[in-house]
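Colleague: I'd like to go over a predicted model; first the sequence, then the structure.
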Amino acid sequence: MARGPAQATDTGRERIPRKGRVSGVSGATNRPESAGRPSLTPPPDATAPARHPDAPAPGELLGAHYDQCFGCGEGLPHGLHLAARADEGVSVTAEFTVQPAHQGAPGLAHGGVLATALDETLGSLNWLRRAIAVTGRLESDFLRPVPVGSVLYLSARCTAVAGRKIYSSAEGRIGGPDGPVAVRAEALFIEVKLDHFTQNGRPEEIRAAMSDPDQVKVARAFEVNP
Ligand SMILES: CCCCCCCCCCCCCCCC(=O)SCCNC(=O)CCNC(=O)[C@H](O)C(C)(C)COP(=O)(O)OP(=O)(O)OC[C@H]1O[C@@H](n2cnc3c(N)ncnc32)[C@H](O)[C@@H]1OP(=O)(O)O
């Protein structure tokens, strides 16, 4: 049977051929899915990250980028409510209190939730550079169990930039900001244009986000890459 480039699957979804995926839509990468995973080590031509002149001052709260964000949004009862604070250079700190809704094993935080906390903290670094970026790769290590009720003290720093690729790392400590490291991660974020969201996101939420009366959030979405 002849097969076209895109085939219907039994779920009714379109299956994109593995090789040579082509798309005019931002967010659907042209890299074949079979491509090797690029290194999390910056290439030799990478440069040091530069803080944007209008970035929040060290110590200032960054605020949520979207109130329905599971990581930082204030509108989700079971979200992480992670509040990141600017630090020196291109680095941030954040705190996250593990709630009963975040359990994996009884009394312990779910590893995926901890990875989300790392991802969100790493993502907030991009605001200090005024770049819109999404997580391309996140590699996490879980070193100690994190009990419900504990505060995870997170810190993250951007280490290098190479074109659209942003390299960063983060760690989360328990028992205090100088306590033992419980989780850590290395990440590669990829800079994207606003159309990554407007063309791929569900229209209802995109419309709602665009008409958000909180001008700061809207400005944050648009006043990037000036
Ligand atoms: C109204 C609306 C307002 C919205 C206001 C938004 C505000 C700001 C919200 C931020 C929100 C944050 C929230 C927390 C962080 C998330 O959770 S983000 C959500 C999770 N991440 C995703 O959904 C990303 C899904 N992936 C994709 O969309 C696409 O694969 C990507 C990442 C955009 C890349 O696709 P692409 O643009 O076609 O890029 P591509 O040319 O393939 O690659 C560019 C370079 O990056 C490298 N690369 C790409 N992907 C990878 C990878 N996975 N691993 C390693 N290297 C990679 C390539 O090797 C290439 O390197 P070079 O050849 O240049 O050396």
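Modeller: That came through fine. None of these values were measured; they are calculated from a predicted model. Numbering: from 1, shown residues only.

Colleague: make it CA atoms for all contacts and neighbour counts henceforth
Modeller: Fine.

Colleague: distance of the residue nearest the centre of the chain from Ala131?
Modeller: The centroid of the chain falls nearest to Gly123 when counting by Cα atoms, centre = their mean (3.8 Å). From Gly123 across to Ala131, the span is 10 Å (Cα to Cα, to the nearest Å).

Colleague: Gly59 too?
Modeller: Distance of Gly59 to Ala131, computed by Cα to Cα: 20 Å.

Colleague: go on, Ala83?
Modeller: Taken as Cα to Cα, the spacing of Ala83 relative to Ala131 amounts to 19 Å.

Colleague: more crowded one of the two?
Modeller: Ranked by neighbour count (other Cα atoms under 10 Å), Ala83 and Ala131 place Ala131 first, with 23 against 20.

Colleague: Does the more buried one touch Phe189 like I think?
Modeller: No. Applying Cα atoms under 8 Å, one finds Ala131 not in contact with Phe189, separated by 10.4 Å.

Colleague: Okay, strands next: where are they in this structure?
Modeller: Secondary structure of the chain (DSSP state E): strands at 7-8, 14-15, 83-86, 91-97, 133-142, 151-162, 165-174, 181-191.

Colleague: I'd like those strands as TSV, with distance to the ligand and mean pLDDT appended.
Modeller: Output for these, formatted as TSV (distance: least, Cα to the nearest ligand atom, whole Å; pLDDT from 0 to 100):
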stretch	distance to the ligand	mean pLDDT
strand 7-8	21	36
strand 14-15	16	36
strand 83-86	12	96
strand 91-97	14	97
strand 133-142	4	97
strand 151-162	8	98
strand 165-174	6	98
strand 181-191	5	98
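
Colleague: pLDDT score assigned to Gly75?
Modeller: pLDDT for Gly75: 89.

Colleague: Can you name the residues that contact it?
Modeller: Contacts for Gly75 (Cα atoms under 8 Å, 6 or more residues apart in numbering) come out as Asp67, Gln68.

Colleague: measure it to Val161 for me?
Modeller: Counting by Cα to Cα, the gap from Gly75 to Val161 is 32 Å.

Colleague: Tell me if I'm right that Ala84 and Ser124 touch.
Modeller: Yes. When contacts are counted by Cα under 8 Å, Ala84 is listed as touching Ser124 (7.0 Å).

Colleague: Give the buried residues for the longest helix seen in the chain.
Modeller: Longest helix in the chain, counting residues (DSSP state H): helix 111-128. Of the residues in helix 111-128, 111, 113-128 count as buried by neighbour count, 16 or more other Cα atoms under 10 Å.
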